[in-house]
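[1] show me how the following folds:
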Amino acid sequence: MRENDLEPDIRNRGQEEEIDLGGSKEDPASSRNQKLCISTFQLRRPCPSRKERNQQLFSNLYVRAVVKPSSKLVWLEQPTCQLRAVSVLLGAPQGFPVVDYLEESSLVFVGILQDNSNPLRKALSSLTGTLRKAKLRYTDPLSPGRLASSDSGLKPKGCCEGCREGNMGPFRALNKVEIHNVQGFMTLGLPYRTGYHFQPKGYWMNDPNGPVYYKGYYHLFYQYNPFAAIPGNIEWHHVVSKDLIRWKFLGATLKRDQWYDANGCFSGSITILDDGTPVILYTGNSFENKQVQARADPEDPSDPLLRKWVKAPYNPIAPIPPGYNSSQFRDPTEAWRLSDGMWRMLVGANAGEGGLIGTALLYKSTDFQTWNFSNRLHENPTTGMWECPDLFPVRIKGRKGLNASAVGKGVLHVLKVSLDLNKHDYYSVGNYLTETDTYKPLIAEIDTGIGLRYDYGKYYASKTFFDPIRQRRIVYGWTNESTSTMDDVAKGWAGLQSIPRIVYLDQRANTSLIQWPIEEVQTLRRKKITVKDVNLEGGEVARLMDVSGVQLDIEVAFKIPDVKQGSTPTELIAESGPSICSQKGASMRGMYGPFGLLVLASNDLTEQTAVYFYFVFTKKDGWKTLVCSDQSRSTVSMNLTPDKTTYGSYVRVYDDEKLLKLRLLVDHSVVETFAQGGRTVITTRVYPKFAQSKNARVFLFNNGSETVNVDSATVWNMATVRFVDFGQ
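    Alright, predicted model coming up:
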């Protein structure tokens with residue numbers, strides 16, 4: 001490419017000219033009388049009116065450029081009403097967009113990246129690879145103005161029409177542009193927004209924090225980046241609900257406004273003090289990226305909404321012990337108190353060579369202000385960093401929950417941690433030894449970090465709380481995306497929360513937990529369809545007629561085949577179940593299974609998410625039952641790069657049980673699976689291209705050689721929950 005091949009629409013930095021946007025031939029009135037002021041680095045447009053801003057989900061204007069494929073552009077108007085022109089793959093400072101594209105069209109959409117060279121280069125490299133695969137013309141962002149190499153399959157001719165090198169890289173000349181107010185989110189993300197699982201209006205969300213019931217409201221706080229759909233700039237944001245399902249936004253609770261949390265207000269918990277006042281304990285990430293523990297109190301404890309919080313003037317409150325890594329010291333638990341009157345809390349940490357020893361550090365306090373390190377509650381030498389620890393009591397008999405300070409006869413404890421190494425939540429059931437403030441699992445072979453998981457899919461950083469109104473313990477978990485960072489950027493959002501689950505000790509095992517969706521979710525059930533006594537021959541797939549949609553609650557029961565189940569020790573469930581599921585997808589053929597459900601499935605089954613049982617036989621253990629969720633054929637989209645792993649594990653089945661039961665909560669891009677009443681739970685994230693809206697079908701299938709009987713299958717369509725600001 002020669003320099004005089006470039007069209008001289010953009011020449012000198014700061015030089016501006018007006019471009020009449022006009023209207024397209026297809027729609028002459030589409031952009032009537034709009035003018036845009038253009039310079040090398042900046043586009044300006046009058047700020048939208050307050051009414052116009054209120055009509056938009058983000059109070060931002062998304063701008064879509066419809067131009068020749070060789071002139072792809074996109075802009076995002078920030079609240080300051082400043083627009084910056086950025087060409088395909090061009091890096092940009094924090095707060096400005098890097099573009100992605102949708103298929104081989106001239107439409108490209110915006111995403112935002114932080115100003116960090118390594119993640120930025122990684123993202124640009126990912127985009128470059130995607131463009132190469134699609135054989136689209138592009139300009140190398142790391143060498144502004146340079147054409148793609150000829151061996152990439154890309155044609156240099158016309159590649160850089162309208163380009164000029166500048167300090168920020170190449171830019172495209174504009175000939176005609178249509179400006180559109182996008183209501184809601186960018187097109188790529190719309191079909192995957194959930195209908196009844198909580199997620200914020202946009203951008204990045206991760207850990208649930210500080211769930212609590214207070215003065216008539218359930219409160220949920222969460223980790224949130226208010227600027228982009230990627231990690232970073234983390235604050236605490238806040239929603240409230242009367243029923244744990246219909247949430248209303250209250251905005252930011254903790255912002256990064258102190259030296260000790262300038263780089264992030266990380267996870268934490270809420271404790272109710274003796275006088276009934278809630279207190280936040282959280283981790284601050286300082287200017288130097290040193291993690292410290294801090295406290296915040298409600299400005300007005302009489303406010304049932306807890307709208308304003310004040311950080312303690314004496315923060316930080318808990319010094320890190322000598323010999324520990326200050327960048328691996330976070331996520332304080334809800335505090336509890338024993339008969340000695342001392343408050344206790346845990347903070348996640350690691351130790352040892354390479355930080356491989358995962359541990360929970362126990363702190364004590366007499367006044368809830370000054371906390372002193374006491375000892376390690378528990379540790380594991382091979383797990384690495386323990387994030388988001390949680391220690392809570394469970395009844396040996398009965399399903400009712402207990403408050404955090406309960407100890408004594410008839411009580412066991414659960415120690416759960418989130419492993420930073422593999423992003424799964426592990427737990428064990430054991431004894432909290434109050435004399436030494438230590439924890440001992442009932443079965444050492446399935447200790448915390450190496451044994452059982454809350455969930456065998458996409459579920460992390462969970463947090464429990466005791467609901468005093470319904471006398472139950474409830475767990476929330478962050479359901480992270482299965483797509484790439486650049487996919488999330490293109491969608492404009494990332495992360496959602498699972499449906500809250502009640503959690504209690506399995507009365508038949510005493511070494512594992514039962515999890516089940518809170519009963520309030522049933523208030524969303526609408527149209528109901530039931531089928532009974534259906535025989536599925538080997539290899540048969542049967543569509544559930546009159547059932548379609550992407551918001552479903554499904555309960556299905558299969559008669560257990562006439563085989564004797566061997567005992568399923570807990571250690572077997574923990575050790576080998578996940579790996580066997582990943583090896584045996586739904587397309588495998590066995591004697592008994594796989595058999596189960598296909599959800600979010602297209603008519604021709606090219607897209608499907610399979611949830612199924614599979615009987616495995618070994619001479620040592622006899623017949624065992626796997627429950628798996630297979631994402632491998634969940635989408636045919638070329639725009640996304642989702643995880644297509646098959647998740648799952650063994651599920652314990654007893655000889656006196658006659659049915660194998662599944663319950664599925666399906667919601668656009670998430671499928672939560674509860675097997676045998678919640679003994680094994682799997683959450684998956686899927687992104688079908690065609691199996692959307694009414695085109696999403698449900699099938700029963702049996703890929704085994706033996707006939708399987710469906711005792712009953714019931715499907716409810718689920719209502720949509722509008723997550724709105726409080727007062728709306």
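[2] how about stretch 344-359: buried residues?
    For stretch 344-359, the buried set under the neighbour-count rule, 16 or more other CB atoms under 10 Å, comprises Arg344, Met345, Leu346, Val347, Gly348, Ala349, Asn350, Ala351, Gly355, Ile357, Gly358, Thr359. Using the backbone N, CA and C atoms, a C-beta is placed for each residue, glycine as well.
[3] those helices in the stretch 501-650 of the chain, which residues are they?
    For the stretch 501-650 of the chain, applying DSSP state H, counting those that start in this stretch gives helices covering 570-575, 577-583.
[4] for those, which has the smallest mean pLDDT value?
    Averaged per stretch, pLDDT over the helices of the stretch 501-650 of the chain is lowest on helix 570-575, reaching a mean of 58.
[5] coming back round to it: biggest separation within the buried residues of stretch 344-359, which pair?
    Across the buried residues of stretch 344-359, the longest distance by CB to CB is 24.3 Å; it joins Arg344 and Gly355.
[6] contacting residues for Pro578?
    The contact partners of Pro578, by CB atoms under 8 Å, 6 or more residues apart in numbering, come to Arg453, Tyr456, Tyr647, Gly648, Ser649.
[7] would you mind measuring from it to Thr434?
    Going from Pro578 to Thr434 by CB to CB, to the nearest Å gives 34 Å.
[8] what is the burial count for Asn702?
    25 (other CB atoms under 10 Å).
[9] for it, give the beta-bridge partners.
    Counting by DSSP bridges, Asn702 is bridged to Phe595.
[10] isn't it right next to Tyr592, touching?
    No. Asn702 lies out of contact with Tyr592 (CB atoms under 8 Å); the separation is 9.3 Å.
[11] which residues are common contacts for these two?
    Val708.
[12] where are the low-confidence patches of the stretch 401-550 of the chain?
    By pLDDT under 70, the stretch 401-550 of the chain contains no weakly predicted segment.
[13] strands of that one, residue ranges please.
    Along the stretch 401-550 of the chain, the stretches classed as strands by DSSP state E, counting those that start in this stretch are 411-419, 424-433, 438-441, 452-453, 460-467, 472-479, 493-494, 496-497, 501-505, 513-517, 525-536, 541-548.
[14] can you say which of these is nearest to Leu659?
    Leu659 lies closest to strand 525-536 among the strands of the stretch 401-550 of the chain, at 12.5 Å (CB to CB).
[15] what does the closest one contact?
    542, 544, 546-547, 553, 595, 700-702, 707-719.
[16] got the angle for it vs strand 541-548?
    Counting by axes from the mean of the first three to the mean of the last three CA atoms, to 10 degrees, strand 525-536 lies at 170 degrees to strand 541-548.
[17] next one: Ala691 from Tyr192, what distance?
    Plainly put, Ala691 is 12 Å away from Tyr192 if you go by CB to CB.
[18] for the nearest residue to Ser405 once chain neighbours are set aside, report the pLDDT, please.
    In space, Ser405 comes closest to Trp336 once its chain neighbours are excluded; the distance is 4.3 Å by CB to CB, 6 or more residues apart in numbering. Trp336 is assigned 98 on the pLDDT scale.
[19] what is the neighbour count of Trp336?
    Neighbour count for Trp336, taken as other CB under 10 Å: 20.
[20] check Glu288 too.
    The local packing of Glu288 (other CB under 10 Å) involves 11 other residues.
[21] tell me, what residue is most central in this protein?
    The chain has Asn480 as the residue nearest its centroid, 2.1 Å off, counting by CA atoms, centre = their mean.
[22] thought that one was touching Trp493?
    No. Asn480 is beyond contact range of Trp493, at 12.0 Å (criterion: CB under 8 Å).
[23] need the helix or strand of this protein with the lowest average pLDDT.
    Within the chain, no helix or strand scores below strand 35-38, which has a mean of 24 by mean pLDDT, DSSP states H and E.
[24] touching, Val698 and Val715? I think so.
    Yes. The pair Val698 / Val715 is scored as a contact, 6.4 Å apart, by CB under 8 Å.
[25] joint contacts of the two?
    Both Val698 and Val715 are in contact with Leu544, Val547, Leu552, Ile554, where contact means CB under 8 Å, 6+ apart.
[26] run a quick neighbour tally on Thr635.
    Neighbours around Thr635, by other CB under 10 Å: 26.
[27] just to check, it is in contact with Asp643?
    No. Using CB under 8 Å, Thr635 makes no contact with Asp643, being 10.9 Å away.
[28] residues in contact with Arg399?
    Arg472, Ile502, Tyr504, Ile514 are the contacts of Arg399 under CB under 8 Å, 6+ apart.
[29] before we move on, the earlier item: as TSV, the buried residues of stretch 344-359 with distance to Gly264 and secondary structure would be great.
    What follows is these, written out as TSV (distance: CB to CB, whole Å; DSSP: H, G, I helix; E, B strand; the rest coil):
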residue	distance to Gly264	secondary structure
Arg344	25	strand
Met345	20	strand
Leu346	20	strand
Val347	16	strand
Gly348	15	strand
Ala349	17	strand
Asn350	19	strand
Ala351	23	strand
Gly355	20	helix
Ile357	24	strand
Gly358	21	strand
Thr359	22	strand
